[in-house]
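>>> 3D model of this:
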Amino acid sequence: MYSATPTTPVSTRTHSPDHTPRTDAPPHTTRSVRRRAKRAAAKSAGLATVAASATVLVSLLSTPLPASATDYPTGAGIVLNAPIVSATATPSGHGYWLVGSDGGVFAFGDGGFHGSAGSLHLNSPIVGMDATRSGNGYWEVAADGGVFAFGDAGFHGSMTGAPLHDPIVGLAPTADGNGYWLVGADGGVFAFGDAAYLGSAIGMSPTSPIVGIAPTTDGRGYWELAADGDVYAFGDAPFYGTAPVRTPAVGINAADGGYRVVSSDGGTFAFGGATFRGSLAGLALNKPIMGTSSTGGGYVHVAADGGVFNFGTVGFYGSLGGATLYVPPAPAAPAGGDYGLTAGQIAAWSRVNVCEEGGNWHVEGSVFSGGLGMSRANWNQFNTFGFPSDAANASPLQQIRVAVGFASHYFGSPYAAPDQNGCTGGY
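Numbers count the residues shown, from 1 in each chain. A predicted model of the protein is given here:
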């Protein structure tokens with residue numbers, strides 16, 4: 001059964017830990033090591049990219065099937081207010097939760113519904129979630145670092161109101177649930193509760209944003225993952241290699257002393273002791289994979305439309321497949337048709353489009369979308385005009401209008417635009 005009925009969450013509070021980010025790369029994460037790991041990836045027994053069959057919606061191991069697939073809940077007839085951005089498996093592997101960027105939570109199998117941020121007015125979109133060890137609670141985290149705790153999940157602080165260089169992209173709890181780490185797209189790590197700060201990837205990935213974090217079992221280390229598949233290890237987290245992704249990486253899971261990396265096309269890469277149970281690589285997906293979660297001998301991926309793909313010991317208990325995403329009608333352009341943009345603004349951001357996407361304004365990606373390479377988190381934050389919820393579905397002038405708001409906030413001027421020659425992306 002699933003539900004999106006909101007309840008009042010634990011109120012967020014602000015905490016600005018006095019951390020000094022470490023910017024020196026540990027020896028085992030130097031670029032030379034990572035380049036060698038990529039070259040050796042095809043020979044590595046610890047990495048597998050074999051595509052699974054189209055039946056991956058059913059457990060690949062021994063999870064029994066019901067009499068009919070219709071016994072599973074689906075998204076048929078459901079209209080989602082926002083795309084799904086993350087999934088978390090229950091500790092037993094017999095259920096999972098999905099969360100949308102609006103904070104709505106959908107529970108399946110033995111995943112109990114403990115509340116959601118779906119009824120709140122969020123300052124920034126939700127970008128991730130994770131569950132407690134008991135499975136009786138979970139956290140949601142927003143792009144501005146706001147943390148929302150439900151069930152037996154404890155609130156240990158947040159980055160709400162603190163200045164951030166880049167949006168928060170993920171949360172990972174400690175083993176006992178008495179703390180958690182937040183990670184930003186620039187690699188910055190913020191530790192709360194009993195989570196120890198062990199370093200960050202700030203400055204290590206200048207051309208590819210960080211997209212996730214995964215702690216080691218003992219909580220004395222963690223890995224950060226960049227969209228290009230690079231992995232950065234801190235504390236006692238061993239470095240086993242980087243993932244040769246074909247599309248942007250979207251998530252990393254710790255498992256059996258190693259880790260798995262998942263990309264937006266469903267490609268799954270296992271390192272160290274992490275087992276490979278299957279992949280979506282090579283299959284046609286309706287929407288890109290947005291999140292992944294691991295437990296025991298299995299894992300589950302979720303797509304932006306709520307489609308669920310399970311592997312190993314994580315069973316299939318339904319999905320939001322078949323749901324539709326509500327798209328509010330775009331407001332009519334002013335009489336001039338330019339949304340108040342100047343010719344200079346249009347010209348500057350059009351050059352960014354050519355540099356970033358070769359003139360294509362309707363690029364669909366799991367992390368960045370549209371013709372300006374803008375992150376989904378930034379699009380959601382600065383799209384205050386009622387334009388489509390996906391930048392890829394917005395017109396060029398609508399995208400530029402949102403970009404002007406972004407530039408006013410981050411560059412200090414509505415007439416500023418990124419360097420078109422560098423074409424570094426990450427907006």
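>>> every contact and neighbour count from this point should use C-alpha atoms.
Will do.
>>> surely Ala214 is within a strand?
Yes - judged by DSSP: H, G, I helix; E, B strand; the rest coil, Ala214 forms part of a strand.
>>> who's in contact with it?
Neighbouring residues of Ala214 by C-alpha atoms under 8 Å, 6 or more residues apart in numbering: 172, 222-224, 252-254.
>>> ok, 10 Å please
Residues near Ala214 by C-alpha atoms under 10 Å, 6 or more residues apart in numbering: 170-174, 181, 183, 221-225, 233, 237, 251-255, 259-260.
>>> in this structure, which spans are helices?
For the chain, applying DSSP state H gives helices covering 31-40, 343-357, 376-382, 396-410.
>>> nearest to Gly296, out of the ones you listed?
helix 31-40 (26.4 Å; C-alpha to C-alpha).
>>> and of the helices of the chain, who's closest to Ala274?
Minimum separation from Ala274 across these (C-alpha to C-alpha) falls at helix 31-40, 16.6 Å.
>>> how about Thr132, what does it touch?
Thr132 makes contact with 88, 90-91, 138-139, 150-154, 173-178, according to C-alpha under 10 Å, 6+ apart.
>>> just the strands from the stretch 201-350 of the chain, written as ranges.
Along the stretch 201-350 of the chain, counting by DSSP state E, counting those that start in this stretch, strands occupy 210-215, 221-226, 231-235, 249-255, 258-263, 268-271, 289-295, 298-303, 308-312, 324-325.
>>> distance between the second one and the chain's centre?
If I follow you right, that is strand 221-226. Here strand 221-226 shows a centroid-to-chain-centroid distance of 14 Å under the convention C-alpha atoms, centre = their mean, to the nearest Å.
>>> over to stretch 273-293?
Relative to its parent chain, stretch 273-293 has a centroid offset of 14 Å by C-alpha atoms, centre = their mean.
>>> and the end-to-end length of that stretch?
End-to-end distance for stretch 273-293, by C-alpha to C-alpha, to the nearest Å: 17 Å.
>>> how about stretch 303-321?
9 Å.
>>> just to revisit the earlier point, format the strands of the stretch 201-350 of the chain as CSV; extra columns: mean pLDDT and distance to Ser395.
Below are the strands of the stretch 201-350 of the chain laid out as CSV (pLDDT from 0 to 100; distance: least, C-alpha to C-alpha, whole Å):
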stretch, mean pLDDT, distance to Ser395
strand 210-215, 96, 27
strand 221-226, 97, 29
strand 231-235, 98, 35
strand 249-255, 95, 26
strand 258-263, 97, 27
strand 268-271, 97, 33
strand 289-295, 94, 24
strand 298-303, 96, 24
strand 308-312, 97, 30
strand 324-325, 83, 18
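>>> mind putting the ones you listed in a markdown table, distance to Leu372 included?
Converted to a markdown table, these look like this (distance: least, C-alpha to C-alpha, whole Å):
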| stretch | distance to Leu372 |
| --- | --- |
| strand 210-215 | 18 |
| strand 221-226 | 19 |
| strand 231-235 | 26 |
| strand 249-255 | 19 |
| strand 258-263 | 21 |
| strand 268-271 | 28 |
| strand 289-295 | 20 |
| strand 298-303 | 22 |
| strand 308-312 | 29 |
| strand 324-325 | 22 |
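>>> thinking again about what came up before, from the contacts of Thr132, keep the buried residues only.
88, 90-91, 138-139, 150-154, 173-175, 177-178 (16 or more other C-alpha atoms under 10 Å).
>>> how does the protein divide into domains?
32-325, 328-427 (automatic domain parsing).
>>> deepest of those domains, which one?
Ranked by mean neighbour count, these are led by domain 32-325 with a mean of 22 (mean count of other C-alpha atoms under 10 Å).
>>> quick one: it to chain centroid distance?
Centre-to-centre, domain 32-325 and its host chain are 7 Å apart (C-alpha atoms, centre = their mean).
>>> so Ala142 is in contact with Val183, correct?
No - contact between Ala142 and Val183 fails when scored by C-alpha atoms under 10 Å: they sit 11.1 Å apart.
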